[in-house]
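Visitor: starting from these lines, generate the structure:
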Amino acid sequence: MLRSIQLLDDEDQIARESVFRAERIPERIDRPMPRIHVRGLSAFCLKVIFTACCRKHAFFFIRLFLPDSWQLNAFYFLFGTITLSQCPDHWRILKLFHRISRCPILSAENIFCPDGLWRYYIMRKFVVPALSLALCLGLTVGCSSKTDAPAASTGETTAAASAESTSEAAASAETKSIDSLKIAFSPYADADTITTATEPLENLLKETLLEKGYDVKDIDMTVGTSYTAVGEALSAGSADIGFISGGNYVLFSDDCDVLLTALRYAINKDSEDPKDWNDGTIEENTDKMSTYYRSIILAGPSEKGQELLAKVNNGEELTWDDLNSATWAVMGPTSASGYIYPSLWLNERYGKTIADLANAVQSDSYTTSLARLASGQADLMVSYGHIRTKYAPDWKEKFGGTDDMIKQTGIIGVTEGIYNDMIAYSKTSDLMQDADFRQALGDSFIEIAGTDEGKDIIKVFSQVGYEWGDDANYDGERAAQEMLKSMN
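Guide: Below you'll find the model as predicted:
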């Protein structure tokens, strides 16, 4: 802007200037000026000082005198403009003052231009001083911080690095890395159902164990082909933990131990008299937790099954011949509700066991037994007491029943109470020798079972929670198995 004002007679330069159009003056003001005499400079200074004093505030613009109206002169007065008449002496003063002050020369023609006076006034009066002040402050702060910053920065960096190193060391010391955790599930349902239901368990268990200081890289979950197969896996150490029945645990307890005992909702039928169960309603869960359940002998829709069910409902006693003439669907010999306790029930009444039955077919899961019962391949099946609570909705569509389950099935025998299933750990697993990890693992399962997502997972096992187990709680199971061995 200042350069454009100096070149007042440069038409191209004036055309490019969008803010002000300078008033042409008789002589170029950018020529070398003659030597300034003291007397001339004093006269000039006196005029400037006189004008400024009369106006009572600092001048801002220099203006050539023109015969303007008093309103325009008043406007100039408000904006601090020095007005000089167009006489030769004043031209010389103007040239000299312009050299010293670099104030723009305005005429009446452009003084009211919005992009003229206002922009220049704001720029020179406020913006330029403000920017200059900011620049000075910035340089001052920058210079001072440049001297102090390295020491502070070094200290802070050292402290941060030290803290980070300490944090990493602490985390490394507190978190233990585990390559693999192997879990085996007993076939409470078919393998696909269990696999699908337990899929979210892997991430939940990893996250919960990590919170307790154990980073498990991989969790391998498998469904055993039978209850016995899971017990054998625990015994061999090929499974670290297993979801097994009390009977299975007792059989393999030399090589495994109780970690947690499962909790179930008690059902609304708990009588040992089968007639009390055949009231035309499906068994329902209550809000009470129970550490035991019962095994039942369930009659199906086959002719033989309905014949035996009718005798029971009529109050007639069943004979050994009645039972031996039927086809039974049973589980493996280590299953509490699918083999051991039904055998005890038979032994108490007839001095016989499942091994003495003429037509007993072993199933790989309870759902297989249900399918055989619904199709008539089996007349009777043995199972846990709440099986109809769990599978009644699937009776027709999944298992092939021709009517509602409550109408086609009934109970003909009820055993004594069976202590709940458990999560057992292998004594031959290197991983499970760590008592702290066993504690963390047990706590993790208890916490997961307390969440909605956890409840959705473990309901496939007909379980609703866990508590810390005790080997002594399964002494009754040991007595039952000893009795079975003595009879064989």
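Visitor: got the phi and psi for residue 241?
Guide: Per-residue torsions, residue 241: phi -140, psi 160 (degrees, to the nearest 10).
Visitor: ok, it to residue 473 distance?
Guide: The gap separating residue 241 from residue 473 is 18 Å, by C-beta to C-beta, to the nearest Å. Using the backbone N, CA and C atoms, a C-beta is placed for each residue, glycine as well.
Visitor: which one's more surrounded, the two?
Guide: Between residue 241 and residue 473, residue 241 has the larger neighbour count (other C-beta atoms under 10 Å), namely 26 against 16.
Visitor: so residue 316, which of the three states?
Guide: coil (DSSP: H, G, I helix; E, B strand; the rest coil).
Visitor: how many residues are close by it?
Guide: As a burial measure, residue 316 scores 11 neighbours (other C-beta under 10 Å).
Visitor: okay, residue 52: pLDDT?
Guide: We have a pLDDT of 47 for residue 52.
Visitor: then residue 218?
Guide: 96.
Visitor: with just CA atoms, put whichever strand or helix holds residue 242 into PDB.
Guide: In the assignment (DSSP states H and E), residue 242 maps to strand 241-244. Extracted in PDB, the C-alpha atoms of strand 241-244 (Å, rounded to 0.1, in the frame of the first residue of the first chain):
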ATOM      1  CA  ILE A 241     -11.600 -79.000  32.500                       C
ATOM      2  CA  GLY A 242     -14.800 -80.800  31.700                       C
ATOM      3  CA  PHE A 243     -18.500 -80.400  32.200                       C
ATOM      4  CA  ILE A 244     -19.500 -83.800  33.700                       C
END
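Visitor: what pairs with it, parallel or antiparallel?
Guide: Using DSSP bridges, the strands paired with strand 241-244 are strand 176-185 (parallel), strand 422-426 (antiparallel).
Visitor: in CSV: the ones you listed, plus mean neighbour count.
Guide: Shown next, in CSV, are those (neighbours: other C-beta atoms under 10 Å):
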stretch, mean neighbour count
strand 176-185, 17
strand 422-426, 25
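Visitor: any idea of the mean pLDDT for the lengthiest strand in the chain?
Guide: Across the chain, the longest stretch assigned as strand under DSSP state E is strand 256-267. Taken as a whole, strand 256-267 carries a mean pLDDT of 94.
Visitor: then stretch 190-198?
Guide: Averaging pLDDT along stretch 190-198 gives 93.
Visitor: list the buried residues in that stretch.
Guide: 190, 191, 194, 197, 198 (16 or more other C-beta atoms under 10 Å).
Visitor: residue 374: which of those is nearest?
Guide: Using C-beta to C-beta, residue 190 is the member of the buried residues of stretch 190-198 that sits closest to residue 374, with 14.5 Å.
Visitor: mean confidence (pLDDT) on the strand holding residue 242, please.
Guide: Here strand 241-244 scores 96 as its mean pLDDT.
Visitor: that older thread, other SSEs contacting the longest strand of the chain?
Guide: Contacts defined by 3 or more C-beta pairs under 8 Å, 6 or more residues apart in numbering; DSSP states H and E place strand 256-267 against helix 227-236, strand 285-290, strand 422-426, helix 435-449, strand 465-468.
Visitor: ranking the ones you listed by mean pLDDT, which is last?
Guide: The bottom spot among the helices and strands packed on strand 256-267, by mean pLDDT, belongs to strand 285-290, with a mean of 90.
Visitor: can you tell me the strand partners of that strand and which way each runs?
Guide: strand 256-267 (antiparallel).
Visitor: so what's residue 370 closest to, chain neighbours aside?
Guide: Using C-beta to C-beta, 6 or more residues apart in numbering and skipping residues adjacent in sequence, the residue nearest residue 370 is residue 399, 5.0 Å away.
Visitor: wait, what's in contact with that neighbour?
Guide: 367, 370, 371, 373, 374, 375, 391 (C-beta atoms under 8 Å, 6 or more residues apart in numbering).
Visitor: what about residue 482, neighbour count?
Guide: For residue 482, the neighbour count with other C-beta under 10 Å is 11.
Visitor: circling back to that earlier point, can you name the next helix or strand after the strand holding residue 242?
Guide: Next along the chain after strand 241-244, taking DSSP H and E as the criterion, comes helix 246-252.
Visitor: show residues contacting that following helix.
Guide: For helix 246-252, the external contacting residues (C-beta under 8 Å, 6+ apart) are 186, 227-228, 230-232, 234-235, 256, 258, 334-336, 339-341, 418-422, 424, 474, 477-478, 480-481.
Visitor: in PyMOL, how would I select just the buried ones from those residues?
Guide: Buried residues among the contacts of helix 246-252 (16+ other C-beta under 10 Å), as a PyMOL selection:
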select buried, resi 186+227+228+230+231+232+234+235+256+258+334+335+336+339+340+341+418+419+420+421+422+424+474+477+478+480+481
